[in-house]
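Novice: Could you work out the structure for the sequence below:
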Amino acid sequence: MGYPAITYTLSNGATSDANQINTNYTDIINGLSDGTKDLNISALTAGGTATFNGSVTLGNASADDLTINASVASNIVYKTNATYNIGSSTLAAASIYLGNGSYTMRILPGTLSSTWTLTLPATVPSITGQSLIFNTSGTAEFRYPDKFTATKTANYTATGDETIIPCDPTTGGASFTVALPAASTCAGKSLTIVKIDSGLTYTVTIDPDSAETINGASTYVLYTQYESVTIKCNGSTWYVVNKYNQTGWNAFTYLTAGGTAASPGNNLISAVTTAPSFGSGLTNTCYWKRVGDRALIKWQYRHTGAGSAGSGMYIFNLESGISINTSIITVNTGTSDAASFIDSNLGRLGGKYAANVIDGNAIAYSATQLKFDISYQSSAGTTDEAVWGSGFLNFGETTLAMMVNLDIPVANWNP
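Specialist: Have a look, this model is predicted:
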């Protein structure tokens, strides 16, 4: 920098004093210029533009105040990367404005009762339409709001972060429970739980926290494959807002060609016992499906060979864990009944006798068994027709067909 011109006028006219003062000021200016001297000023007012070259330190203690009345007219660039904080855990900005010069966006914190941290993801979203979702630790990720968690095979406590929980109790070999987080932490939260295994032996129980409820009940149970329930929390309790509890038609054969009872290998009827022998030419198919709290059974039967006289009884043994709603269907404790257990209508089909059983109501032998009492004759004729009131099969004819439709209310299944 250029040295200023200095003129001194001393009132006493002492030339030597004037020369000494001039020398002293020149030394100060030279020292400040070459950086060998420090200059301490208790107060400084710069009336015009001030330029500070080199490193500048403003204040020497946190108690010193820095007041800026002017506007920032340039970028603020940090010397080192990611080593500076703005504010502290106790002192922070009231708000931050971001904008492009014409419009601004203000970021304003809510009323805080404690200090907390939000951590942003390391990368941008990989798919358009994903949302920024924070977990309970304040760490965020980009994803769709609905999040599948890994399939559960044993007891699991929901965290509140997932929204869809697939469950497979068959793989774990036991029924298990999905425990819900406290409702106070889930206001507005929706959660879907789905049972994905095909077995009926094991169930999935949804258990709210403490004494909280789902639709007023202490638990909600899933029984069949792909049965699901979506529940939503209002901050104090859970409500069912959607559910699915149907299955497709499942086929099984429960009689061999000779009429011998066989285990159907099916997950509604575990076995059929005490079935009569019907000779040759037997074909039969049976299907079942779930609709709400009902098990529908369709049995289509066809026999083309002669059988022998006699009577018999079918007993459908329901799978473990399945029982009939006995408040709707009566349970019979006896092992036989003189009357047929299915209402039947008889008629001619192609010149041959046919037994048609439409929308039959099977009467329960027990809470876990369905019984069909059957009588049949060895030959056709008027006399035989008279006894069909106590049965519905006649094997004296070369062709006989029958269809049974059962609608069984199942205890505990969700309607």
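
Novice: Bridged to Val229, which residues?
Specialist: Using DSSP bridges, the bridge partners assigned to Val229 are Ile193, Lys243.

Novice: Run a quick neighbour tally on it.
Specialist: Around Val229 sit 24 other residues, with neighbours defined as other CB atoms under 10 Å. Every residue, glycine included, has its C-beta placed from N, CA and C.

Novice: Do you know the pLDDT at it?
Specialist: Reading off the per-residue confidence, Val229 sits at a pLDDT of 98.

Novice: Would you confirm that it contacts Tyr220?
Specialist: Yes. The pair Val229 and Tyr220 passes the contact test of CB atoms under 8 Å, sitting 5.9 Å apart.

Novice: show me where pLDDT drops low in the stretch 51-200 of the chain?
Specialist: Counting by pLDDT under 70, not a single residue of the stretch 51-200 of the chain qualifies.

Novice: now the strands: where do they sit in it?
Specialist: In the stretch 51-200 of the chain, the strands defined using DSSP state E, counting those that start in this stretch lie at 96-99, 104-107, 131-134, 140-143, 156-157, 164-167, 176-179, 190-195.

Novice: can I get those in a markdown table with mean neighbour count and distance to Thr213?
Specialist: A markdown table is the format used below for those (neighbours: other CB atoms under 10 Å; distance: least, CB to CB, whole Å):
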| stretch | mean neighbour count | distance to Thr213 |
| --- | --- | --- |
| strand 96-99 | 10 | 44 |
| strand 104-107 | 9 | 39 |
| strand 131-134 | 13 | 28 |
| strand 140-143 | 16 | 30 |
| strand 156-157 | 16 | 18 |
| strand 164-167 | 21 | 19 |
| strand 176-179 | 17 | 14 |
| strand 190-195 | 20 | 14 |
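
Novice: Compile those into a markdown table and extend it with columns for distance to Asp65.
Specialist: Below are the strands of the stretch 51-200 of the chain laid out as a markdown table (distance: least, CB to CB, whole Å):
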| stretch | distance to Asp65 |
| --- | --- |
| strand 96-99 | 21 |
| strand 104-107 | 25 |
| strand 131-134 | 36 |
| strand 140-143 | 36 |
| strand 156-157 | 52 |
| strand 164-167 | 55 |
| strand 176-179 | 55 |
| strand 190-195 | 51 |
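
Novice: So for Trp116, which of the ones you listed sits nearest?
Specialist: Distances from Trp116 to each of the strands of the stretch 51-200 of the chain were compared using CB to CB; the shortest belongs to strand 131-134, at 10.3 Å.

Novice: Summarise which helices and strands that closest one is packed against.
Specialist: Based on contacts counted as 3 or more CB pairs under 8 Å, 6 or more residues apart in numbering; DSSP states H and E, the elements that strand 131-134 packs against are strand 140-143.

Novice: who does the strand it packs on pair up with?
Specialist: Strand 140-143 has the following strand partners under DSSP bridges: strand 131-134 (antiparallel).

Novice: can you map out the helices along this structure?
Specialist: Assigned by DSSP state H, the helices in the chain fall at 15-34, 169-172, 382-386.

Novice: Show me what the mean pLDDT comes to for the longest one.
Specialist: Confidence for helix 15-34, expressed as mean pLDDT, is 66.

Novice: From Thr185, how far off is the residue nearest to Leu118 when sequence neighbours are not counted?
Specialist: With sequence-adjacent residues excluded and distances taken as CB to CB, 6 or more residues apart in numbering, Leu118 is closest to Gly138, at 4.8 Å. From Gly138 over to Thr185 the distance is 14 Å, taken as CB to CB, to the nearest Å.
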